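J.: here's my sequence, what's the structure:
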Amino acid sequence: MDDRYGNALSTQSATARDAYCLGVDRFLAAQGGVEAAFQDAIAADRGFTLAHLALARARQAVGKGQAAAAAFETVRDKPGRLTPREASHFNAFALLLGGDGPGAYKAIRAHLLDYPRDAMIAQTCMGVFGMIGFSGQPGREAEQLAFAAALAPAYGEDWWFLCQHAFAMVEAGQTGPATALIERALALKPDNAHAAHIRAHVYYEAGEAAAGRQFIQDWISGYDREGALHCHISWHIALWAMEQGDTAAMWRTFDADIAPGKAWGPALNVLTDSAALLYRATLAGVEVPADRWRAVSAFAQEFFPNPGIAFGDAHAAVAHAMAGDTGALQRIKSGAKGPAADAVSAIASAFDAIAANRWADATADLTSIMTAHERIGGSRAQRDLLEFALLNALLKQGAVAEAERLLIMRRPMQRQGIAIQGFAAA
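T.: Here you go, the predicted model:
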């Protein structure tokens, strides 16, 4: 028996195969019920190793580290009878789930040369939160696009791959080609949350706020609140509401679907989306009560007490600075880890300066990382937090012309209606 991508599976149970394929599709579409489907596959065939691996990977992807380890433990030392493709699949996931990122990436690239249509393996390197996206390396947007382009012939009109290829394109500035791909992906599978999310990014990069907000508000009405992207898609809605001056809608969405304790979703999304929305609202002149900042800062310290994930650490630094927790902020400034540690430290220093109204210091810190802030991870839309923080620091020093030049050079499509108080782009 084969999976949907034509890969042979070792299970002899049609029930297990069908449940596994359902789980893979739900996972690739960021729908609800992913774990349940993989658990059904395991119940039908306890020896179906790939179902155990898929369950572990699904849990890992949403930040359930201990539960992922438990799922992997059941097959770690006794994977059972596997096809050659499954054995290679197992090896790559064993490295990834075991925490050996560099080893896993090398094994994944080698595996995909032989088995390019192994989507569960390819998925690990797709998107801005994948292994390339979180590599901490400069030029990772170009690498992401090259990775997707190399696999494209193997996938054709596959709904999952089309949307991921489109994301790589839009992050590399190819908005036009990305639009065509994402529209095809949505036509093939309209309930694919990744496709809807990436369509929102295309609208954002094209500066089409009204159309983007309408599209994503209509789409999310039918989306399972337990879907992995519910929190983040809600961030897009709230951000556009704020940019259009609909502050009441922004707060309603934040309180229902984004804020710590209210949102369902990976802790990393809750932290980064909350901190980013609150700070960008502050830039727009929205009053953000101190208790909201303290709640995000406390959430960051509970779920990410030790620095190590650059994208999360950068947003935690924003929350700690705005909440006035200098101790937590200092731990990030001095304890940042990984290949993007220098960028994280600079961002923490910048927001320390912002909180103290030391605008020249903030400008210097932000300028130092502006040419390669993709190293911290996340999308261009998410990293506009840094772009607009620098613009605001310049405005606070009266450098309006310099702020305008920076915006024209770096984010030209965001010039009209930019939501920064006291700034009207020509």
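J.: other SSEs contacting the helix or strand of the chain with the lowest mean pLDDT?
T.: Least confident helix or strand of the chain, by mean pLDDT, DSSP states H and E, is helix 400-410 with a mean of 88. Using 3 or more Cβ pairs under 8 Å, 6 or more residues apart in numbering; DSSP states H and E, the elements in contact with helix 400-410 are helix 380-396. Every C-beta, even on glycine, is put in place using the N, C-alpha and C of the backbone.
J.: quick check: angle from the helix it packs on to helix 400-410?
T.: Counting by axes from the mean of the first three to the mean of the last three Cα atoms, to 10 degrees, helix 380-396 lies at 160 degrees to helix 400-410.
J.: how far is helix 380-396 from where the chain is centred?
T.: Relative to its chain's centre, helix 380-396 lies at 19 Å (Cα atoms, centre = their mean, to the nearest Å).
J.: which helices and strands sit right next to it?
T.: helix 193-205, helix 267-283, helix 341-355, helix 359-369, helix 400-410.
J.: out of those, which gets nearest to Leu95?
T.: Leu95 lies closest to helix 267-283 among these, at 21.3 Å (Cβ to Cβ).
J.: distance from the chain centre to the closest one, please.
T.: 13 Å.
J.: ok now do His331, which residues does it touch?
T.: No His there; residue 331 is Arg. Pro307 (Cβ atoms under 8 Å, 6 or more residues apart in numbering).
J.: surely it forms part of a helix?
T.: Yes - going by DSSP: H, G, I helix; E, B strand; the rest coil, the assignment for Arg331 places it inside a helix.
J.: please shift the residue numbers so they start at 11 in all later answers.
T.: All right, first residue 11 from here; so that's Arg341.
J.: roughly how far does it sit from Pro317?
T.: Arg341 is 7 Å from Pro317, where distance means Cβ to Cβ, to the nearest Å.
J.: check Gly348 too.
T.: 8 Å.
J.: pick out whichever of those two has more residues nearby.
T.: Using other Cβ atoms under 10 Å as the criterion, Gly348 and Pro317 rank with Pro317 on top: 22 against 19.
J.: so Phe48 touches Ala68, yeah?
T.: Yes - at 6.4 Å, Phe48 counts as touching Ala68 under the criterion of Cβ atoms under 8 Å.
J.: which one of the two is surrounded by more residues?
T.: Taking neighbours as other Cβ under 10 Å, Phe48 and Ala68 compare with Phe48 leading, 29 against 23.
J.: what's the domain layout of this protein?
T.: 24-135, 239-424 (automatic domain parsing).
J.: re the thing from before, what touches both of Phe48 and Ala68?
T.: In contact with both Phe48 and Ala68: Gly33, using Cβ under 8 Å, 6+ apart.
J.: give me the neighbour count for Asp87.
T.: 6.
J.: do the same with Trp369
T.: Neighbour count for Trp369, taken as other Cβ under 10 Å: 18.
J.: that one touches Ala413, doesn't it?
T.: No - the pair Trp369 / Ala413 is not scored as a contact, 11.7 Å apart, by Cβ under 8 Å.
J.: joint contacts of these two?
T.: Leu404.
J.: returning to what we had before: let me have the helices and strands packed on helix 390-406 in a markdown table, extended by distance to His99.
T.: As requested, those are exported to a markdown table (distance: least, Cβ to Cβ, whole Å):
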| stretch | distance to His99 |
| --- | --- |
| helix 203-215 | 21 |
| helix 277-293 | 25 |
| helix 351-365 | 32 |
| helix 369-379 | 37 |
| helix 410-420 | 41 |
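J.: give me the contacts around stretch 152-159.
T.: Residues outside stretch 152-159 that contact it (Cβ under 8 Å, 6+ apart): 135-136, 138, 140, 142-143, 145, 147, 171, 174-175, 178-179, 181-182, 184.
J.: swap the cut-off to 10 Å and go again
T.: For stretch 152-159, the surrounding residues in contact (Cβ atoms under 10 Å, 6 or more residues apart in numbering) are 119, 122, 132, 135-138, 140-143, 145, 147, 149-150, 165, 171, 174-184, 191, 384.
J.: ok, which of the helices and strands packed on helix 390-406 comes nearest Phe82?
T.: Using Cβ to Cβ, the nearest of those to Phe82 is helix 277-293, at 19.9 Å.
J.: rounded mean pLDDT for that closest one, please.
T.: Mean per-residue pLDDT for helix 277-293: 97.
J.: show me what it is packed up against.
T.: helix 240-253, helix 257-267, helix 300-313, helix 320-333, helix 351-365, helix 390-406 (3 or more Cβ pairs under 10 Å, 6 or more residues apart in numbering; DSSP states H and E).
J.: and the angle for the shortest one with helix 277-293?
T.: An angle of 160 degrees separates the directions of helix 257-267 and helix 277-293 when computed by the same axes, to 10 degrees.
J.: the first one too?
T.: Between helix 240-253 and helix 277-293, the angle comes out at 10 degrees (the same axes, to 10 degrees).
J.: packing partners of helix 240-253?
T.: helix 203-215, helix 219-230, helix 257-267, helix 277-293, helix 390-406.
J.: can we see that at 6 Å?
T.: Where contact means 3 or more Cβ pairs under 6 Å, 6 or more residues apart in numbering; DSSP states H and E, helix 240-253 is packed against helix 219-230, helix 257-267, helix 277-293.
J.: what helix or strand is the spatially most central residue of the chain located in?
T.: A centroid search over the chain (Cα atoms, centre = their mean) returns Phe139, at 4.3 Å, as the residue closest to the centre. Of the helices and strands defined by DSSP states H and E, none includes Phe139.
J.: related to what we said a few turns ago, could you check the helices and strands packed on helix 390-406 and tell me which one is nearest Gln431?
T.: helix 277-293 (6.6 Å).
J.: buried ones in that closest one?
T.: By 16 or more other Cβ atoms under 10 Å, the buried positions in helix 277-293 come out as 277-293.
J.: and the residue nearest to the centre of the chain, what pLDDT?
T.: Value for Phe139, per-residue pLDDT: 93.
J.: list the contacts of Arg209.
T.: Going by Cβ atoms under 6 Å, 6 or more residues apart in numbering, Arg209 touches Ile192.
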